[in-house]
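Visitor: Okay, predicted coordinates and the sequence, questions at the end:
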Amino acid sequence: MAFYEEIKANNRMTYILFFVFFLLILVLGIVISYLMDSYIIVPIFVIFAIIYIIAAYYNSDKIITAVSHAKPADPKQFKQLHNVVEEMAIAAGLPKPKVYVIQDTAINAFATGRDPKHSVVCVTTGCIQRLTRAELTAVVAHEMSHIQNSDIKVMTMAAILVGLAVLLSDFLLRFFFWGGMRGRRDSKGGGGIAIAGIVLGLLLAILTPVIAQIIRMTISRKREYLADASAVQLTRYPGGLASALSKIKNDSEPLEAANKATAHLYIANPLKGQKIWMKSMFATHPPIDDRISRLQKM
């Protein structure tokens, strides 16, 4: 079936992108070590990144719900929502996640949490009020798919790798700015290898943050396609998600609780009307029209 092919293709592309990501950071680390004539700086950055990853990973659900002004959904007031979440959890073979709502008339939703046992599915009140039950089910299935596919882990790792790349690049630029490469240049007698290392270091310091961000956004878009395909696998009804995405596309109201740090979590970009430089490469989500077209072919 078409959604199985979508799932395989998107997983394969994610692995390739992560390989390029790690390779980029490895090359940057080697260049820094060469220019500084020391191999202890990069491990220090890696240890710092690991500590940061662990802290963010184990508190992701609390951090995201607090930043998004999300509140636990009362089981009586939001009975249908709880029923839909439970149905999709059973279909996915996962424990029922915590259910949260954001008081906002914009149509959107997100999932977060370090694993299925500590996951959260959150929807806006606009979803509940403006979507049919089939459309709401499709949206919840999309978010449940993010949990099932470990997308929170994937995007957390991508964000950390971007942060590490930026830290290393910033360190390298400061190193150049303060004339730190003088000792390396003098010790090597200004040879061709030293000059090539300096040029490569400058190029990597400038370009790595941009390249890393492009890779991160590409991974984010691929995981959205994957969640769409997985949602169809859960509901067996691509029309529900296509219809929900169509309503989201035509909803011009921005989600006030969202920001640039959390935008990638939502089913569609919540920052309406935002101008994005080189939009196709730096967008957190694929074009909705493209997503609808793929769903209609399933």
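Guide: Done, it's in.

Visitor: hey, let's count contacts and neighbours off CA atoms from now on
Guide: Will do.

Visitor: elements contacting the longest helix along the chain?
Guide: Using DSSP state H to assign secondary structure, the helix with the most residues in the chain is helix 192-235. Contact analysis of helix 192-235 by 3 or more C-alpha pairs under 8 Å, 6 or more residues apart in numbering; DSSP states H and E lists helix 2-36, helix 79-92, helix 133-148, helix 151-177, helix 182-187, helix 238-249, helix 279-282, helix 288-296 as its packing neighbours.

Visitor: Now it: average pLDDT?
Guide: For helix 192-235, mean pLDDT is 80.

Visitor: cool, stretch 93-111 as well?
Guide: Averaging pLDDT along stretch 93-111 yields 95.

Visitor: Name the residues of that stretch that are buried.
Guide: Neighbour-count burial for stretch 93-111, counted by 16 or more other C-alpha atoms under 10 Å, picks out 96-111.

Visitor: With stretch 245-264 instead?
Guide: 245, 247-249, 254-258, 263-264.

Visitor: for the residues you listed, which one is nearest Val31?
Guide: Nearest to Val31 among those is His264, at 31.5 Å by C-alpha to C-alpha.

Visitor: for that closest one, phi and psi?
Guide: The phi/psi pair for His264 (degrees, to the nearest 10) reads phi -70, psi -20.

Visitor: Quick check: it touching Pro286?
Guide: No - taking contacts as C-alpha atoms under 8 Å, His264 lies outside contact range of Pro286: 10.8 Å.

Visitor: on that earlier part again, what angle do the longest helix of the chain and helix 79-92 make?
Guide: Angle, helix 192-235 to helix 79-92, by axes from the mean of the first three to the mean of the last three C-alpha atoms, to 10 degrees: 110 degrees.

Visitor: Give me the distance from helix 192-235 to the chain's centre.
Guide: Taking the mean of its C-alpha atoms, helix 192-235 sits 11 Å from the chain's own mean (C-alpha atoms, centre = their mean, to the nearest Å).

Visitor: Would you mind giving the domain segments of the chain?
Guide: 2-60+161-208, 67-151+220-296 (automatic domain parsing).

Visitor: so Val101, which of the three states?
Guide: Of the three states, Val101 takes strand according to DSSP: H, G, I helix; E, B strand; the rest coil.

Visitor: isn't it right up against Asp74?
Guide: No - using C-alpha under 8 Å, Val101 makes no contact with Asp74, being 9.0 Å away.

Visitor: tally of neighbours for Gln77?
Guide: Number of residues near Gln77 (other C-alpha atoms under 10 Å) recorded here: 9.

Visitor: That one and Asn83, how far apart?
Guide: Separation of Gln77 from Asn83 (C-alpha to C-alpha, to the nearest Å): 12 Å.

Visitor: intersection of neighbour lists for these two?
Guide: Counting by C-alpha atoms under 8 Å, 6 or more residues apart in numbering, Gln77 and Asn83 have no shared contacts at all.

Visitor: SS state for Arg96?
Guide: Heads up, residue 96 is Lys, not Arg. Classification of Lys96 by three-state DSSP places it in coil.

Visitor: same deal with the one 10 residues further on?
Guide: Secondary structure of Ala106, reduced to three states by three-state DSSP: coil.

Visitor: Is the spatially closest residue to it that is not a sequence neighbour within a helix or a strand, and which one?
Guide: Once flanking residues are discounted, Ala106 sits nearest to Gly126: 5.1 Å by C-alpha to C-alpha, 6 or more residues apart in numbering. For Gly126, the element it lies in under DSSP states H and E is helix 125-130.

Visitor: before we move on, what about Ile51?
Guide: helix 41-58.

Visitor: Grab the most central residue of this structure for me.
Guide: For the chain, Met155 is the residue whose C-alpha lies nearest the centre (C-alpha atoms, centre = their mean; 3.8 Å).

Visitor: wait, that residue sits on Ser220?
Guide: Yes - in this structure Met155 lies within contact range of Ser220 using C-alpha under 8 Å: 6.9 Å.

Visitor: Report how many residues lie close to the residue nearest to Ala106.
Guide: Look at Gly126: counted by other C-alpha under 10 Å, it has 17 neighbours.

Visitor: Same question for Ser150.
Guide: Other residues near Ser150 number 17, with proximity taken as other C-alpha under 10 Å.

Visitor: how far does the helix holding Gly126 sit from the chain's center?
Guide: Here helix 125-130 is found 24 Å from its chain centre; the criterion is C-alpha atoms, centre = their mean.

Visitor: Kind regards, and thank you for your time.
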